[in-house]
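Peer 1: how would this look folded up:
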Amino acid sequence: MSDLLTQREKIFADRKRTNVLKNGEQRFIHFLLKQLPKSITPNILTIIGLLGSIIVFAAFLLAINFNKNLLLLGIIGLFINWFGDSLDGRLAYYRQIPRKWYGFALDIIMDWASIVLIGLGYYFYVAEPAKILAFLFVVFYGWSMLISLLRYKIIDVYRIDSGIFGPTELRIIISFILLIEVVLPGSIIYSAILITITLFVVNILDTIQLLRFGNERDGKEKE
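Peer 2: Reported below is the predicted structural model:
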């Protein structure tokens, strides 16, 4: 048991997680890693993650042109995105073939591409003036990514979560938003307003904390 725990800790050692689902998610990821065949590589998982985001984007378009219930395909897409995005880097560490900086750069780029696809799908799905929310969502999520990168630079801790919320929790929230939209058409606009405001507030608080970290580091370097 202790050896299993040590192995799991090593797999996730390169980043600090604070999200509420951390423990259960890491155990599940560790279980899945042991089931993957050798033919599945970290790069293949990265492609699978991007494919999941493309499915979410397609779900919005299909819902517009055919049937609103097809929006539920987006939930499947979000799970596929989670699967690929969460396991690609972890698989590299599990097989002891990590490329820290290559993986770091690729992960950031794929996360950005994924959030743009999701935001673009929402943009096409809703009517004016609600389309502006798609722009704000992408901008605020990009802002949170910048905060993570700057935090890494300043305090050498890479954290992708904002308190108890992380990308996994966001995917779950978006899944519920899609489900509720199928049951209550038009509700997605109010959900988007809420999630956009939440991202904005969280980013403001994280920015204040980031500036405090920067000020503290400046003080230490002057000593």
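Peer 1: all helices of the chain, in order?
Peer 2: All helices of the chain, identified by DSSP state H, fall at 2-11, 22-35, 42-65, 73-94, 100-125, 132-155, 167-183, 187-222.
Peer 1: Can you say which of those is packed in most?
Peer 2: Across the helices of the chain, averaging neighbours per residue (mean count of other CB atoms under 10 Å) puts helix 73-94 on top, at a mean of 21. (C-beta placed from N, C-alpha, C; glycine too.)
Peer 1: Lowest mean pLDDT across the helices of the chain, which one is that?
Peer 2: Looking over these, mean pLDDT reaches its minimum on helix 2-11, with a mean of 65.
Peer 1: Let me have the helices of the chain in a markdown table, extended by distance to Asp161.
Peer 2: Converted to a markdown table, these look like this (distance: least, CB to CB, whole Å):
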| stretch | distance to Asp161 |
| --- | --- |
| helix 2-11 | 17 |
| helix 22-35 | 8 |
| helix 42-65 | 18 |
| helix 73-94 | 13 |
| helix 100-125 | 13 |
| helix 132-155 | 9 |
| helix 167-183 | 8 |
| helix 187-222 | 10 |
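Peer 1: For the spatially most central residue of the chain, give me its contacts.
Peer 2: Centroid-nearest residue in the chain, with CA atoms, centre = their mean: Pro167, separated by 3.2 Å. Counting by CB atoms under 8 Å, 6 or more residues apart in numbering, Pro167 makes contact with 82, 85, 111, 160-161.
Peer 1: Likewise for Leu70?
Peer 2: Leu70 is in contact with 59, 62-63, counting by CB under 8 Å, 6+ apart.
Peer 1: Nearest to Leu150 among those residues?
Peer 2: When those are ranked by distance to Leu150 (CB to CB), Ala59 comes first, at 33.1 Å.
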